[in-house]
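1. A structural model of the following input is requested.
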Amino acid sequence: MKSFIIKELDEDLKIEDFELKSSGFKYKIKNNNDLGVKEITIVSPDIVSDLVSHNFDKKYKKILEFYFNSLQDEDTTEGNLLLALDEITRLRNTLIKKYNIYVKRKVLEKLLKKLKILENEIRSKIIDFKLIKETLLGYNNNIEEKSKGR
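-> Below you'll find the model as predicted:
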């Protein structure tokens, strides 16, 4: 497999042909481009960490939006919050299994900490919903028992 590197010189760009000694992070390009590039191999850990952080932030924001929307709906059920927990678990597993090798340790810890905070918040909301549901059911049962008496 041939690999190329583009270096910035004074005024021009120069393409060098070289063999990649270490395997880097392979980033697939979704859009077709003029050069016909389908995949980029990134060797720099700084660039990989920034790229993974950016992609993580997009997915994290989607989970946050889903969480806030489920809180604003009056018909909120535990199911919506459980779906958000599933997405958090999926994102955490992806970070640990796929990006653990490429991302800097501090960056990975920061991203996992953000996920843990959101996960704890969602779990506390689920517990709150369960308590509210139990108290409402208990209140309704007490009303029915009192009205039956003779």
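
2. model confidence over the helix ranked longest in the chain, on average?
-> Ordering each helix of the chain by length in residues (DSSP state H) puts helix 105-148 first. Averaging pLDDT along helix 105-148 gives 82.

3. Could you do stretch 86-98 as well?
-> Mean predicted confidence for stretch 86-98 is 93.

4. So which bits of that stretch are buried?
-> For stretch 86-98, burial by neighbour count (16 or more other C-beta atoms under 10 Å) applies to 87-88, 91, 95. No exception for glycine: its C-beta is placed from N, CA and C like everyone else's.

5. what do you get for stretch 121-129?
-> So for stretch 121-129, counting by 16+ other C-beta under 10 Å, buried means 122, 125-126.

6. Could you export the buried residues of stretch 86-98 as CSV, including distance to residue 80 and secondary structure?
-> Below are the buried residues of stretch 86-98 laid out as CSV (distance: C-beta to C-beta, whole Å; DSSP: H, G, I helix; E, B strand; the rest coil):
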residue, distance to residue 80, secondary structure
87, 11, helix
88, 13, helix
91, 17, helix
95, 23, helix
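
7. Can you tell me which of those is nearest residue 39?
-> The closest of the buried residues of stretch 86-98 to residue 39 turns out to be residue 95 (C-beta to C-beta; 21.1 Å).

8. do you know how far the closest one is from residue 29?
-> Using C-beta to C-beta, to the nearest Å, residue 95 is found at 22 Å from residue 29.

9. same check, this time on residue 135
-> 54 Å.

10. coming back round to it: now flag whichever of the buried residues of stretch 86-98 is closest to residue 52.
-> Nearest to residue 52 out of the buried residues of stretch 86-98 is residue 95 (C-beta to C-beta; 7.8 Å).

11. hmm, back to that, please name every helix or strand in contact with the longest helix of the chain.
-> Counting by 3 or more C-beta pairs under 8 Å, 6 or more residues apart in numbering; DSSP states H and E, the packing neighbours recorded for helix 105-148 are helix 45-72, helix 78-97.
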